[in-house]
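In: Sharing a model that was predicted from the sequence below.
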Amino acid sequence: MNETDKNLLKEISEETSKAPDAYNIRKNGKSVDRKTNPFIDIVPKEDNKGIDVYVKENTLLGIVHIPVILTESGLKDVVYNDFHIGKNSNVIILAGCGVHNDEHNDTEHDGIHRFYLEENAKVKYVEKHYGEGNGKKILNPVTEIFMKKGSSMTMDTTQIKGVDDTLRETKAVLEENATLVINEKILTNETQNAKTVFEIELNGKNASTHVTSRSVATENSSQEFVSNIVGNAECYAHVECDAIIKDKGLVKAIPEIYAKNPDANLVHEAAIGKIAGEQLMKLMSLGLSLKEAEDVIIQGFLK
């Protein structure tokens, strides 16, 4: 690990109260370090295109860290990571990708993550994306989630900065009493483009989901938010898209909710606009410049 590698890992890492129980560090398309324990196993796929993570039944408070870093310009890295979460287990999975590209060739990472949660399993999944350097950085994450009876998952995703183009796709299928909470935060600037797509099927009685997307588009960047929520049973869904636009930023929200059962309760809310003038005036009255006041509001919005 050189200094560039360490800085990338620092940007996409999440602070925890203890060190990871298991981890797999991937650099430029290959695993460079791995740790397992008797409760959490990480098995590389035969084609070196990813890993299978196995969490045993009744595992409590396990932490798994699977960061990816790319420093080779022109590399297109595709990885398939499958997570098999045992019955009654409770784990935290920390992921993310950091890209350093100072050359003219495009560098791209496409991470396909599939989660299989058994009955009453509980997962907190944290994913951070970050890019730096003058070359183009492309990140296209795909997350597929299959949740059995009584399972729950919280998914926190953050695009910190520096990603030129991204297509973020999340698909989920929920059975009875399963709960999925998604919190998404995206910041774009310059001429960056970001599109996020959510497709969630609520198939079991009392299945529920709450999706919140908070985004800021500045300068000449653009963003698009697409959601497609289908209620096939007595269920509940709440989708919330909030966005701030600044300079010539563009944001489009395309909601779709489809109730296929009379007891499906599906709600969608969207709010897109510029920073409120009274908020700016209040902060500027404390001695902040216009830019400083805007930065404070934006950072608070994305917390």
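Out: It's in.

In: Run the chain-centre distance for the helix or strand hosting L94.
Out: Assigned by DSSP states H and E, L94 belongs to strand 90-100. Remark: strand 90-100 is offset 9 Å from the chain centroid, using Cα atoms, centre = their mean, to the nearest Å.

In: Which SSE is immediately downstream of it?
Out: According to DSSP H and E, the helix or strand after strand 90-100 is strand 107-117.

In: Note down every partner strand of that following strand and its orientation.
Out: strand 76-85 (parallel), strand 137-139 (parallel), strand 142-147 (parallel) (DSSP bridges).

In: Pick the most deeply packed of these.
Out: Stretch with highest mean neighbour count among those: strand 137-139 (a mean of 24; mean count of other Cβ atoms under 10 Å). For every residue, glycine as well, the C-beta is placed using N, CA and C.

In: How far off centre is that one?
Out: That offset, for strand 137-139, works out to 14 Å (Cα atoms, centre = their mean).

In: From the rest of the structure, what touches that strand?
Out: Residues from elsewhere that reach strand 137-139 (Cβ atoms under 8 Å, 6 or more residues apart in numbering): 97, 99, 101, 106-111, 129, 131, 159, 162-166.

In: ok, now stretch 191-198?
Out: With Cβ under 8 Å, 6+ apart as the test, stretch 191-198 has contacts from 159, 163-171, 182, 184, 186, 188, 211, 213, 215, 219-229, 239.

In: Give me the distance between A237 and S31.
Out: According to Cβ to Cβ, to the nearest Å, A237 stands 37 Å off from S31.

In: Let me fix that, I meant to ask about E256.
Out: With Cβ to Cβ as the criterion, E256 and S31 are 39 Å apart.

In: so which helix or strand takes in V216?
Out: Counting by DSSP H and E, V216 is part of strand 207-217.

In: In terms of secondary structure, what does that strand contact?
Out: If you count contacts as 3 or more Cβ pairs under 8 Å, 6 or more residues apart in numbering; DSSP states H and E, strand 207-217 packs onto strand 165-174, strand 179-188, strand 193-202, strand 222-231, strand 235-245, strand 250-259, helix 290-301.
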